[in-house]
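> mind folding the following:
(one chain, ligands or ions: 1)
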Amino acid sequence: MKTSIKKAILPAAGLGTRFLPATKASPKEMLPIVDKPLIQYAVEESIACGIEDFIIITGKYKRAIEDHFDTAYRLEEKLRTSGKEKILAELNKLNHINLAYIRQRTPLGLGHAILCAKPFVKDEPFAVILSDDVIDPEYPLLKEMIKIYEKKKCPVIALEEVPLSEVHRYGIIDGKSDGNVYKINNLIEKPKPEKSPSNLAIIGRYILTPEIFGILEKQEAGAGGEIQLTDALRRLLKKAPIYGYLIEGRKRYDAGDKLGYLEATVDFALKNKELSEDFKNYLIEKIKPLI
Ligand code: G1P
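Got it, this is the predicted structure:
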């Protein structure tokens, strides 16, 4: 598949505090949904859109991510000799992609994490994918965003409507809609409900243009004392239009949150060919006395 977007940045340096103690010494990006870690869902979603090069921004205690995408000789040998070809093929199916790892030395926020990739992205447009925002693998959200980018040649960010009581957890936009596409007028990171311009939240899929790097270089810390991508995008708005793409009728799971993670696990297990029947029966039995 030919696309103008070849590279994706996957920030994975966050501390995962909402999932402690599980994330004390292992990366939250390695939390599995059924049998695949969050970051692999993000990589597979990008591959389906023609992205070939991945820049993963890591930090302390994140080495398991590199090991996950590396060859595991002894394990593979064992699978080969015991005839487990199917599992072996599953393990090797991502061997063709190009991966680079950059260590963000201090966790200074999402904007700073993206800036760390500047020398490797140079002057191309690129995608940013936050792997704790999990999207149904059958829903080609990123593909649709790339199409909008190709028409407008401007940054495109994914949006979802959230209850006002939750706006403090997101970047929130103000904009004018034409169907599902919004022309953005303003963006605010984690506003209080009474100061929120809308209930349209930014979710973790962005198509960005390289101008953002120059802005991020000068960006001061914002919400939570971190260098925020949302603040940099607000400054970019003064120079170029930014579009939002509203996902409608599809579910996005905040898998960095315990409830969202459980919802994703249940829904993905119910769609899994090997598990769905038994798991569904288990759930029915479990729920019967409660209703
Ligand atoms: C980040 C962004 C925020 C966005 C959110 C989506 O926040 O800063 O604008 O709405 O991802 O998941 P974080 O979840 O890292 O606090």
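
> confidence score at the residue nearest to Leu99 when sequence neighbours are not counted?
Residue nearest to Leu99 in three dimensions, not counting chain neighbours: Phe54, with 5.0 Å by Cβ to Cβ, 6 or more residues apart in numbering. The way it works is simple: take the backbone N, C-alpha and C, and place the C-beta from them, glycine included. The score at Phe54 is 97. That number is its pLDDT.

> assign Phe54 to helix, strand or coil.
Using DSSP: H, G, I helix; E, B strand; the rest coil, the structure places Phe54 in strand.

> ok, it - contacts?
Listed by Cβ atoms under 8 Å, 6 or more residues apart in numbering, the contact partners of Phe54 are Lys7, Ala8, Leu10, Val43, Ser46, Ile97, Asn98, Leu99, Ala100.

> partners of it in the sheet?
Phe54 has these beta-bridge partners by DSSP bridges: Ala8, Leu99.

> please tell me how far Lys36 sits from Val266.
Here Lys36 is placed at a distance of 15 Å from Val266 (Cβ to Cβ, to the nearest Å).

> give me the pLDDT for whichever residue of the stretch 151-291 of the chain sits closest to the ligand.
In the stretch 151-291 of the chain, the residue that lies nearest the ligand is Gly171 (2.5 Å; Cβ to the nearest ligand atom). On the pLDDT scale, Gly171 is placed at 97.

> hmm, it is touching Lys190, no?
Yes. Gly171 is within contact range of Lys190, at 7.2 Å (criterion: Cβ atoms under 8 Å).

> more neighbours: which of the two?
Taking neighbours as other Cβ atoms under 10 Å, Gly171 and Lys190 compare with Gly171 leading, 24 against 16.

> mind listing what's buried in stretch 156-170?
Val156, Ile157, Ala158, Leu159, Glu160, Val162, Val167, Tyr170 (16 or more other Cβ atoms under 10 Å).

> just the closest of those residues to Lys280, please.
Glu160 (27.2 Å; Cβ to Cβ).

> count of residues packed around the nearest residue to the closest one once chain neighbours are set aside?
Leaving aside its sequence neighbours, Glu160 sits nearest to Ile203 (Cβ to Cβ, 6+ apart; 5.0 Å). Neighbours of Ile203 under the rule other Cβ under 10 Å: 22.

> a helix runs through Ile203, doesn't it?
No. Secondary structure of Ile203 (three-state DSSP): strand, not part of a helix.

> my read: it touches Ile247, true?
Yes. The criterion here is Cβ under 8 Å, and Ile203 meets it with Ile247 at 7.2 Å.

> who touches both of these two?
Common contact partners of Ile203 and Ile247 (Cβ under 8 Å, 6+ apart): Ala158, Leu159, Glu160.

> understood, closing this out.
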